[in-house]
Structure formats: C-alpha cells, structure tokens
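>>> pasting the sequence and the predicted model now:
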Amino acid sequence: MKVDGKDWRTIWVERLPAEGEGGAVGIIDQTKLPHRLETITLSTLDDAAVAISDMLVRGAPLIGATAAYGVALALRDDASDARLSSAYDTLYATRPTAVNLRWALDEMLGLLKPLRHAEREAAAWKRAGEIANDDVAINRQIGETGLELIRSIAATKKPGEKVNILTHCNAGWLATVDWGTATAPIYRAHEEGIDIHVWVDETRPRNQGAYLTAWELGKAGVDHHLIVDNTGGHLMQHGMVDLVIVGTDRTTASGDVCNKIGTYLKALAAHDNDVPFYVALPSSTIDFTIDSGFDIPIEERSGREVSIVGGITAEGTIVEVQISPTDTPTANYAFDVTPARLVTGLITERGLVSADRAAIAERFQDRIGNAA
Ligand SMILES: CSC[C@H]1O[C@H](OP(=O)(O)O)[C@H](O)[C@@H]1O
C-alpha cells in the first residue's frame with residue numbers, strides 16, 4: 001500500500017541466503033505505529049517468533065507469512081528434521097488463535113520434509129515468498145468481491161450520500177502482506193471513486209483500530225471517524241451504518257467466526273438493526289477441521305494491555321500511562337466467537353459465500369481435502 005508516496009508491504013525479503021550469509025526479512029514494527037513508522041530486520045528464527053508473540057507483526061495472514069519466513073530463517077545452519085521440527089514448534093507456540101499460523105507451518109513442513117537437507121533452505125525461502133505474494137493477490141481478489149457489495153449499496157444512495165461502513169480492530173493491509181481483508185473492499189471502492197465513510201472501532205485494549213486502521217485510512221485518504229468500541233450499536237440504531245465488514249483470525253467449516261474481542265457484540269447489534277454483517281477472509285483462515293467456534297483456542301494476553309495505554313505527548317514523546325489503580329486485577333481475552341447465524345456472508349477470494357457448512361464445502365472442496 002502507498003504511504004506518503006512510497007509503496008509498502010508489511011514484510012519483505014531484505015537478503016536471500018548467499019554463500020555463508022543467511023537471509024533476512026524486513027518488517028514494519030507495528031508496535032511503533034501510528035506515531036513512528038519504523039522497520040526492523042528479522043534474521044533468526046527467534047527474531048520471527050518474538051515478532052509474532054510481541055505483535056510487532058499481527059493479523060492472521062501476516063502471522064502466517066512471518067512464520068513461513070521464520071522457518072526459512074531457521075534452516076540457515078541446520079536443515080535437519082530436528083531443526084525443522086523445533087522451528088515448527090517454536091513458531092506454533094507464539095500465538096494460539098489465528099489458524100493461518102498452523103496453515104503456513106503445515107505448508108512449509110509438507111514441502112520441506114520430503115526434500116534433501118541441502119535443498120531445504122532455498123525451497124523454504126521460495127515457498128515463503130509464494131505465500132507472501134499469494135496473500136497480496138488473494139486480498140486483492142477479496143477487494144473485488146467486496147467492491148460489488150459496496151457498489152450495490154452505493155446504488156441505493158442519493159447524490160452526496162456516503163456508504164457508511166463500520167469495521168473492528170485492524171483487518172487492513174497491516175494485518176496482511178498487503179491490501180488487507182476487511183479493508184481491501186474499502187480501498188477498491190475508494191479507488192473506484194465510490195463515496196464511502198468508515199467508522200473505525202478503536203478496539204480496546206490494544207487499540208489496533210485507533211493505532212493502525214485510523215493510520216491506514218488516513219494515509220490512504222479514506223474518509224473515516226475513530227469511535228469508541230461501544231458506539232457501534234448506537235450508530236446502527238440510528239441508520240448510520242450501511243455495512244459492517246470485519247476480518248477474522250479463524251473461521252470454522254460451519255462459518256463460526258473468531259475475531260478480535262468485541263466483534264460478537266457488533267454482530268449482535270447488526271443483527272438487531274438489520275445491518276449486513278460481513279466477514280472478509282482468505283480461505284487460509286478457514287479451519288476445515290472444526291465446526292464449532294467454541295473449539296477455537298482464545299488467546300488470553302497480559303492484563304498490562306488492559307491497564308496501560310500508549311500514546312504521544314504534546315512534545316512528541318512516546319509514553320505509556322496506567323489507567324487503572326496499579327493493583328487492579330485484569331482479564332484480557334483477545335478474541336471472541338460470532339456464531340454463523342449472525343454472519344450475513346463471507347467475502348472471500350472466490351466470491352461471496354454463505355456462512356454455512358454446505359456453502360463453504362462447495363466453494364472450497366479442494367481445500368478440505370488438504371485439511372489436517
Ligand atoms: C486479517 S486478520 C485481522 C485480525 O487479526 C487481528 O488480531 P491481532 O491484531 O490480535 O492479530 C484482529 O482479530 C483482526 O480482525
């Protein structure tokens with residue numbers, strides 16, 4: 001995506017492995033946004049694992065791509081079965097909810113295991129690059145699918161009226177290699193000159209909406225307003241939301257959607273106010289091995305994320321402040337599950353799909369066969 005005239009991806013190859021020197025990838029350090037656009041270099045397996053667990057990179061597709069490169073980085077000096085297995089386990093343990101992590105690691109292991117050790121490192125870098133490039137193409141296609149949805153709503157508007165879209169957390173290009181999932185239709189509609197406006201949920205406690213989505217949309221010139229998480233229901237009651245589009249970290253074979261905490265409450269409000277509630281996702285985010293969303297592991301993160309917020313002072317200093325009493329106990333569930341019955345449809349790289357087992361199976365039959 002363009003930022004101040006420069007094309008960016010969230011992750012890129014800085015150096016392919018050459019004689020005696022290992023490869024390296026660059027990432028945007030998303031913990032520094034929106035006030036600093038900083039990059040860092042990952043040159044080891046542990047660099048990649050920490051980048052995922054500490055959320056320097058986050059978002060299901062980007063987690064998958066980073067893990068794929070993490071496997072490639074791991075094979076620099078040792079491409080043995082034991083090293084491959086330990087790399088898988090190290091990366092798999094970083095975060096439990098986004099299924100793209102498992103999908104990418106299974107892709108890498110399935111490719112590399114049968115190869116001779118001497119062939120593995122180069123093959124890993126090649127496959128990781130394909131996963132990253134495929135993500136960009138798939139998200140672009142998700143954008144085309146969602147664009148038709150937005151276009152159909154725009155056709156019902158009077159001149160000067162905007163299509164109002166609400167999104168939760170960050171399912172933007174920062175959550176993927178590029179384009180995003182929920183934002184891909186937004187960016188395509190913006191490119192097509194459709195008059196859109198986005199309500200951006202701040203998305204406590206890590207504020208991916210305030211820190212990341214607001215930054216993305218601002219840089220892209222998309223009209224938007226940042227709102228506190230509890231505003232969405234009020235807006236929907238007053239006809240101020242035409243469409244909700246969110247991302248997902250794992251969607252089941254029956255269409256249950258696991259996404260950032262608070263998504264379920266938005267879906268309830270949308271259902272109660274007859275607002276279309278869509279989920280944008282690549283098929284790599286569908287877990288074909290489970291039906292119930294309640295079988296998805298829900299990450300619990302440090303309570304520090306609840307009681308402390310980061311920001312910038314008037315002098316431009318990045319600070320963190322404690323918002324609760326220092327001894328206040330906290331609970332920090334990072335995701336929730338929206339049952340398929342509350343999902344209007346899935347915006348995928350293969351078009352719109354109903355959030356039900358039969359429709360998903362029909363559209364992705366070829367993927368089911370490969371499921372673990
Ligand atoms: C396109 S996946 C975006 C998805 O990932 C976010 O979670 P996190 O920032 O914790 O990785 C959030 O659930 C987004 O909807």
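Thanks, I have the structure now.
>>> give me the mean pLDDT for stretch 47-59.
Taken as a whole, stretch 47-59 carries a mean pLDDT of 98.
>>> actually stretch 201-209, sorry about that
In the prediction, stretch 201-209 has an average pLDDT of 98.
>>> and it, how far from the chain's centre?
A distance of 14 Å separates the centroid of the chain from that of stretch 201-209, by CA atoms, centre = their mean, to the nearest Å.
>>> next, the distance between the ends of it.
Using CA to CA, to the nearest Å, one end of stretch 201-209 lies 5 Å from the other.
>>> backbone dihedrals for the residue in the stretch 251-372 of the chain positioned nearest to the ligand, please?
Closest approach of the stretch 251-372 of the chain to the ligand (CB to the nearest ligand atom) occurs at K260, with a separation of 3.4 Å. The way it works is simple: take the backbone N, C-alpha and C, and place the C-beta from them, glycine included. Dihedral angles of K260 (phi, psi; degrees, to the nearest 10) stand at phi -50, psi 140.
>>> now swap in D229 and tell me
phi -60, psi -30.
>>> now do the contacts for it.
By CB atoms under 8 Å, 6 or more residues apart in numbering, the residues touching D229 are 168, 201-204, 262.
>>> ditto for R367
R367 neighbours (CB under 8 Å, 6+ apart): 283, 286, 288.
>>> among those, who's most crowded?
Neighbour counts for these (other CB atoms under 10 Å) peak at I286, which has 27 neighbours.
>>> and that one, bridged to which residues?
Beta-bridge partners of I286, counted by DSSP bridges, are T251.
>>> mind listing what it touches?
I286 neighbours (CB under 8 Å, 6+ apart): 99, 251-253, 360, 364, 367.
>>> next one: P205
The contact partners of P205, taken as CB under 8 Å, 6+ apart, are 305-306, 309, 332.
>>> which two from the residues you listed end up farthest apart in space?
V309 and N332 (13.0 Å; CB to CB).
>>> how close does the residue nearest to A182 when sequence neighbours are not counted get to G180?
Distance criterion CB to CB, 6 or more residues apart in numbering; nearest residue to A182, sequence neighbours excluded, is A171 at 3.6 Å. Computed as CB to CB, to the nearest Å, the A171 to G180 distance reads 6 Å.
>>> can you give me the neighbour number for the nearest residue in space to G59 that is not next to it in sequence?
Excluding its sequence neighbours, the residue lying closest to G59 (CB to CB, 6+ apart) is A175, at 2.4 Å. If you count neighbours by other CB under 10 Å, A175 ends up with 30.
>>> can you check L268 too?
14.
>>> and it, that's in a helix?
Yes: assessed with DSSP: H, G, I helix; E, B strand; the rest coil, L268 lies in a helix.
>>> can you count the residues close to the residue lying closest to it once chain neighbours are set aside?
Leaving out its chain neighbours, the residue that sits closest to L268 by CB to CB, 6+ apart is L342, at 6.7 Å. Using other CB under 10 Å, L342 has 20 neighbouring residues.
>>> show me the contacts for P329.
G303.
>>> what do you get if the cut-off is 10 Å, keeping everything else the same?
303, 306-307 (CB atoms under 10 Å, 6 or more residues apart in numbering).
>>> kindly report the same for I11.
25-28, 39, 42, 48, 51, 57, 62, 65-66, 68-69, 128, 132, 135, 176-178.
>>> mind listing what's buried along the lowest-mean-pLDDT helix or strand in the chain?
The weakest-scoring helix or strand in the chain, judged by mean pLDDT, DSSP states H and E, is helix 365-368 (a mean of 90). Neighbour counts over helix 365-368 (16 or more other CB atoms under 10 Å) mark R367 as buried.
>>> likewise for stretch 289-304?
290, 293, 296, 298-299, 301.
>>> got a list of what the residue of the stretch 1-150 of the chain found nearest the ligand touches?
Closest approach between the stretch 1-150 of the chain and the ligand, counting by CB to the nearest ligand atom: R58, at 3.4 Å. R58 sits next to 10, 30-31, 51-52, 66, 95, 98, 169-170, 174-175, 206, 208, 212, 249 when contact means CB under 10 Å, 6+ apart.
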